[in-house]
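In: Structure here, sequence nowhere to be found:
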């Protein structure tokens, strides 16, 4: 029968693994707390739906947890944005097309102002959605998600100059289309 010291020695690696697993769980929980809102914004930029974006956030972190990928992340935001973006694009492709959901009105505006703002927003969203993917991705990441050119370049996998060029081209196209639609009626 092994002595007490031998039993402790046999249990130490198991205890070390348990502590290590607990520490890893805490590291992962910290990552989720820090980046969940950011991942949501990326997913929402693609899906334009709060519930679908929530699903994409959960799927992103579940995928990351299962693969234990959070241990190997060099640039958290770029990595998470890329994973969330891909998951959101996959979810969007699987989801049937439906009418856009109108978000709640801002307090203090009257129904006419809400209708005008909703119309303007839906036109702009449709124009952005109609852009080619190569122009839409950098525009959404840098413009709507407020990522730097460097972060956007890492997420998409192109150079910073290409990101800047595509954003500029996308904005020019949007401006031309808004002008053709009579952009004056969309200005506030």
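Out: Thanks, I have the structure now. Remember, it's a predicted structure, so these values are computed and weren't measured experimentally.

In: Leaving out the residues flanking it, which one is nearest to the most centrally placed residue in the chain?
Out: When the chain is reduced to its mean C-alpha position, the nearest residue by Cα atoms, centre = their mean turns out to be residue 42, at 1.7 Å. Leaving aside its sequence neighbours, residue 42 sits nearest to residue 84 (Cβ to Cβ, 6 or more residues apart in numbering; 4.4 Å). C-beta here means a position set from N, CA and C on the backbone, and glycine is covered the same way.

In: Can you give the domain ranges for this structure?
Out: With domains defined by automatic domain parsing, the chain comprises 1-96, 113-188.

In: Redo these as CSV? Include mean pLDDT.
Out: Shown next, in CSV, are the domains of the chain (pLDDT from 0 to 100):
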stretch, mean pLDDT
domain 1-96, 78
domain 113-188, 79
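
In: which residues in this structure form helices?
Out: 4-47, 50-67, 76-94, 111-130, 133-139, 149-156, 160-181 (DSSP state H).

In: tell me the most buried of those helices?
Out: helix 149-156 (a mean of 20; mean count of other Cβ atoms under 10 Å).

In: between that helix and helix 160-181, how big is the angle?
Out: For helix 149-156 against helix 160-181, the angle by axes from the mean of the first three to the mean of the last three Cα atoms, to 10 degrees is 90 degrees.

In: Identify all contacting residues around helix 149-156.
Out: In this structure, residues lying in contact with helix 149-156 by Cβ atoms under 8 Å, 6 or more residues apart in numbering are 75, 77-78, 81-82, 85, 137-138, 141-142, 147, 159-160, 162-164.
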